[in-house]
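Undergrad: pasting the sequence and the predicted coordinates here, then a few questions.
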There are 2 protein chains.
Amino acid sequence: MSIALSRQSSPPLLVPNLRRVDSTTVARTELVQPSMCGQTSLLCGRIGDWTWDAVSALCGIQVLNARNQSGAPTYLSFYYYHIRGSSEFHLRTPGFGDLLHVTSSVFSLGSESVLTLHRIARTPVGHDPDPTLTETSVDPEEFYSSRNPDCLYVETFNRWITRSDGGGNTNLLRSSPVDFRHAHLPTLPRKYSPRPTCHMARSQHTFLPDRSDEYRPFGEPLRLKYPVDVSRDLNGVGLLYFATYFAIVDWSLLQFWRALGRTDAAFLNRVVLDQKLCFLGNADLNTVIAVDVQGFTRASDPTEQCADVVLLDADTSRALAVCTLRFADAGGVP
Amino acid sequence: MSIALSRQSSPPLLVPNLRRVDSTTVARTELVQPSMCGQTSLLCGRIGDWTWDAVSALCGIQVLNARNQSGAPTYLSFYYYHIRGSSEFHLRTPGFGDLLHVTSSVFSLGSESVLTLHRIARTPVGHDPDPTLTETSVDPEEFYSSRNPDCLYVETFNRWITRSDGGGNTNLLRSSPVDFRHAHLPTLPRKYSPRPTCHMARSQHTFLPDRSDEYRPFGEPLRLKYPVDVSRDLNGVGLLYFATYFAIVDWSLLQFWRALGRTDAAFLNRVVLDQKLCFLGNADLNTVIAVDVQGFTRASDPTEQCADVVLLDADTSRALAVCTLRFADAGGVP
């Protein structure tokens, strides 16, 4: 099932189930285990690892050990994470023992950033996937315009960052590693660049293009407080783990769900068709995060609902993240 | 680096980096990525997957898809989880890019249970591990009496369970899968059986053998409330995820640490030399967990401290878990 990557590639690849499709694309098959399903943050965390694996395999460096010119560790941080699902395959679909067939294509965004598109197909054990889903690169056209409804798609826009001299988590600097190769990667057509999207999220605190007509608020806006939990929210280098942002968004949505009188069972049955999350800042260990949640219905499509979830430093109001989700209507359940 | 397992084995093995050492032992090399370090629950969850992989590779079934005689899904639940570390290698030691060399030996406990011993050695990328740590099975003598201080050891005692007809999480029944092969596995010498240990935890709510003389309480006993978080605490089949129990224990310890006037930084620097956790019950989604925490100093060894953390259903006082940890003294930091 797996073809070992050439030992000549430098540095050696340490993920035995990764195989090269072409010079910009890798593929892998993953068996769904308890540590990677059931909770959004577990699956999103794992997909984040796959971004790092793809960049390590294709860009001449090992992301996990990358260092900048001055020898300091530099991290391929998540700046924007965009999930596109369907009612057939969304974040809560994978279950114990499913096989995920993951194809990951990497695109150039210059020396300080990189973009990765993942196509994830799913089969029960013993069933082969459609080879057009596992042997072809993922292009932006497919991601934006011609998705296969049987697949889950994820776009990650990552930027190289390092800690500044103070060592805290709030003042991270852009910093690329030595030997990061990206000239061979395709660039994105301008219309698919994530930069304008992220710019809008940063300035408007939403990804919804037009609130007033198409998107109408529903439910009471909610402001919540989430103190960072140092026992559970950090990653291996002491930063607020990017997957934790997904956990905080889900926790906030659950409170919004309950405020609407919806059940926890309905929450667990939610179908997220689209989720965009822009990571605007990290946080020190003693931070209390303020979370603003607002729901929206859509004028042109009553079968969908949306929510904005905005994370701020409660002390300084510095924005930490902006997230917008689109849900399928849960079959009449409010 | 990896040797594919024979395709004749039934069912096919789907974890490409797993290799067979002998008929009762498998080995694997794992690159430490963000999704498996930084938080106890992430690493413990991953080691749990490795138990399931070892049993799947050696006992003739695929644990992820196991079914009992009546066709109902049956889960290899965690009943007892015992971690043995050292100041050189404990749960918080693995960092981005380390290589973990994992050897897992499986022992028979009859048709309804199974015991697994994991030996985890660690090297930086590019360094080969000592072959005696990766090419030899793990025996109970090594685990209990002659550990290598450069390795982390984990013992898991798992039992096959299924949901009863009502479908809730509180009334789980013992139920083995069809085709679970265990007759070829070695049995444990009686003195190493985990059953008396678990019996003590269940009846005494501690793993400490003698509180009165050797272990002296310190700090105020703490009672905390932890409402189950349905957005973050469940596994892929809707049960309270076993790794979540580790997260709740850590969160409770953090509150105890703070009550003692210790800093969060000291908490993050804690060195857990030994942690035993017995899972006595699962919980429905609306459960509030009451957590009792008590610290102990040790008369014969002032360099060590211990803590008991007991999880109960706050409504019914039904015990959900008993955990005892031993810490190295954090260099004089209280």
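TA: Done, it's in.
Undergrad: show me the contact partners of the least confident helix or strand in chain A by mean pLDDT.
TA: Lowest on mean pLDDT, DSSP states H and E among the helices and strands of chain A sits strand A:172-174, with a mean of 87. For strand A:172-174, contacts defined as CB atoms under 8 Å, 6 or more residues apart in numbering or on different chains pick out A:Ser77, A:Glu112, A:Arg159, A:Trp160, A:Ile161, A:Thr162, A:Arg163, A:Ser164, A:Asn282. Every residue, glycine included, has its C-beta placed from N, CA and C.
Undergrad: apply 10 Å and report the result again.
TA: Residues from elsewhere that reach strand A:172-174, judged by CB atoms under 10 Å, 6 or more residues apart in numbering or on different chains: A:68, A:72, A:74-75, A:77, A:111-113, A:159-165, A:239, A:281-282.
Undergrad: after it comes which helix or strand?
TA: Next along the chain after strand A:172-174, taking DSSP states H and E as the criterion, comes helix A:195-204.
Undergrad: list the buried residues in that following helix.
TA: Buried residues in helix A:195-204, counted by 16 or more other CB atoms under 10 Å in any protein chain shown: A:Thr197, A:Cys198, A:Met200, A:Ala201.
Undergrad: out of everything not next to it in sequence, what's closest to the first one?
TA: It stands for A:Thr197. Of all residues beyond its chain neighbours, the one nearest A:Thr197 is A:Phe207 (6.7 Å), with distances taken as CB to CB, 6 or more residues apart in numbering or on different chains.
Undergrad: pretty sure A:Val114 sits in a strand.
TA: Yes - according to DSSP: H, G, I helix; E, B strand; the rest coil, A:Val114 belongs to a strand.
Undergrad: which residues does it bridge with?
TA: Counting by DSSP bridges, A:Val114 is bridged to A:Ser108, A:Asn158.
Undergrad: swap in the one 5 residues further on?
TA: Using DSSP bridges, the bridge partners assigned to A:Arg119 are A:Thr103, A:Tyr153.
Undergrad: for it, give its distance to A:Thr136.
TA: Taking CB to CB, to the nearest Å as the measure, A:Arg119 falls 9 Å from A:Thr136.
Undergrad: which of these two has more neighbours?
TA: The residue with more neighbours, out of A:Arg119 and A:Thr136, is A:Arg119; 25 against 16, by other CB atoms under 10 Å in any protein chain shown.
Undergrad: hang on, that one packs against A:Pro140?
TA: No - counting by CB atoms under 10 Å, A:Arg119 does not reach A:Pro140; the two are 11.8 Å apart.
Undergrad: pull up the overlap in contacts between these two.
TA: Among the neighbours of A:Arg119, those also in contact with A:Pro140 (CB under 10 Å, 6+ apart) are A:Ser105.
Undergrad: which ones are touching the nearest residue in space to A:Ser176 that is not next to it in sequence?
TA: Using CB to CB, 6+ apart and skipping the chain neighbours, the partner closest in space to A:Ser176 is A:Trp160 (4.5 Å). For A:Trp160, the contact set (CB under 10 Å, 6+ apart) comprises A:63, A:66, A:68, A:74-77, A:111-114, A:173-177, A:180.
Undergrad: quick one, phi psi at A:Trp160?
TA: Main-chain torsions, A:Trp160, degrees, to the nearest 10: phi -80, psi 130.
Undergrad: the nearest residue to A:Arg232 once chain neighbours are set aside: neighbour count?
TA: Nearest non-adjacent residue to A:Arg232, counting by CB to CB, 6+ apart: B:Ala247, 5.1 Å away. B:Ala247 is flanked by 23 other residues according to other CB under 10 Å.
Undergrad: which strands or helices does the helix or strand harbouring B:Ala247 pack on?
TA: In this structure, B:Ala247 is located in helix B:242-259 according to DSSP H and E. Helices and strands touching helix B:242-259, by 3 or more CB pairs under 10 Å, 6 or more residues apart in numbering or on different chains; DSSP states H and E, are helix B:40-58, strand B:75-84, strand B:215-227, helix B:264-268, strand B:272-279, strand B:288-298, strand B:304-313, strand B:319-328.
Undergrad: that helix: which residues count as buried?
TA: Within helix B:242-259, the residues scored as buried using 16+ other CB under 10 Å are B:242-257.
Undergrad: try stretch A:209-223
TA: Judged by neighbour count (16+ other CB under 10 Å), stretch A:209-223 contains these buried residues: A:Tyr215, A:Gly219, A:Leu222.
Undergrad: return the closest of these with respect to chain B.
TA: Proximity of those to chain B (CB to the nearest CB) peaks at A:Leu222, which lies at 14.5 Å.
Undergrad: got the contact list for that closest one?
TA: A:Leu222 makes contact with A:252-253, A:255-256, A:258-260, A:291-295, A:307, A:309 under the criterion CB under 10 Å, 6+ apart.
Undergrad: the same query, at a cut-off of 7 Å, please.
TA: Contacts here follow CB atoms under 7 Å, 6 or more residues apart in numbering or on different chains; on that basis A:Leu222 touches A:Gln255, A:Phe256, A:Ala259, A:Val293.
Undergrad: for it, name its beta-bridge partners.
TA: Applying DSSP bridges to A:Leu222 gives these bridge partners: A:Val293.
Undergrad: for it, give me the pLDDT.
TA: pLDDT, A:Leu222: 98.
Undergrad: same thing with A:Gly332?
TA: A:Gly332 is assigned 45 on the pLDDT scale.
Undergrad: near chain B, which residues of the stretch 51-200 of chain A are found?
TA: Contacts of the stretch 51-200 of chain A with chain B, taken as CB under 7 Å from any CB of the partner chain, map to A:Trp52, A:Gln62, A:Leu64, A:Asn65, A:Gly95, A:Phe96, A:Gly97, A:Val125.
Undergrad: any idea of the mean pLDDT for the helix holding B:Ala247?
TA: Average pLDDT, helix B:242-259: 97.
Undergrad: specify the beta-bridge partners of the residue sitting nearest the centre point of chain A.
TA: Geometric centre of chain A, nearest residue: A:Tyr81, 3.2 Å, by CA atoms, centre = their mean. Note on A:Tyr81: beta-bridge partners by DSSP bridges are A:Thr156, A:Leu277.
Undergrad: how many residues are close by A:Arg67?
TA: For A:Arg67, the count of nearby residues is 15 (other CB under 10 Å).
Undergrad: no, scratch that, I was asking about A:Asp128
TA: Neighbour count for A:Asp128, taken as other CB under 10 Å: 9.
Undergrad: please apply the same query to A:Pro131.
TA: 9.
Undergrad: contacts only, for it.
TA: A:Pro131 touches nothing, counting by CB under 7 Å, 6+ apart.
Undergrad: now do 10 Å
TA: Contacts of A:Pro131 (CB under 10 Å, 6+ apart): A:His101.
Undergrad: what does the one 4 residues further on give?
TA: Residues near A:Glu135 by CB under 10 Å, 6+ apart: A:Val21, A:Asp22, A:Thr25, A:Ala27, A:His101, A:Thr103, A:Pro129.
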